[in-house]
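>>> Need the 3D shape of this:
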Amino acid sequence: MSKSVTNQTEPIERQVPLKEAAAIFGVSIWTVRFWVQHGKIKSTKVEGSRRIPESAIRRKIADGTAKQSAQSDQVEVLKAAA
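Now for the predicted structure:
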């Protein structure tokens with residue numbers, strides 16, 4: 001008896017560029033970069049540029065930390081840019 005192997009592939013999750021993620025969150029790209037650097041949001045590197053999985057964006061919006069983080073991190077982003 002032979003086993004039938006089905007090739008089930010999971011849908012590929014969309015990876016959002018940082019600029020687009022910033023627009024979704026209503027923050028600057030520098031804030032999103034700060035979040036990535038400090039582990040506040042998951043990111044991956046795709047073709048040499050950072051991308052954020054859609055699921056990470058949905059999670060940050062759902063838990064309500066996007067605006068709270070943005071407000072408190074703005075000072076840190078400005079300090080880092082100086």
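>>> which stretches of this protein aren't confidently modelled?
1-8, 65, 67-82 (pLDDT under 70).
>>> Would you map the strands across it?
15-17, 44-46, 49-53 (DSSP state E).
>>> Generate a markdown table for those, with mean neighbour count and distance to W35 as supplementary columns.
From N, CA and C alone the C-beta is placed, and that goes for glycine too. Shown next, in a markdown table, are these (neighbours: other C-beta atoms under 10 Å; distance: least, C-beta to C-beta, whole Å):
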| stretch | mean neighbour count | distance to W35 |
| --- | --- | --- |
| strand 15-17 | 18 | 13 |
| strand 44-46 | 11 | 14 |
| strand 49-53 | 18 | 9 |
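>>> of all these, which lies closest to F34?
Closest approach to F34 among the strands of the chain (C-beta to C-beta): strand 49-53, 12.1 Å.
>>> elements contacting the closest one?
Using 3 or more C-beta pairs under 8 Å, 6 or more residues apart in numbering; DSSP states H and E as the contact test, the elements touching strand 49-53 are strand 15-17, helix 18-25, helix 29-37, strand 44-46.
>>> Of these, flag the one that's most buried.
Highest mean neighbour count of the helices and strands packed on strand 49-53: helix 29-37, a mean of 20 (counted as mean count of other C-beta atoms under 10 Å).
>>> Same question for stretch 53-62: list its buried residues.
Across stretch 53-62, burial judged by 16 or more other C-beta atoms under 10 Å covers P53, A56, I57, K60.
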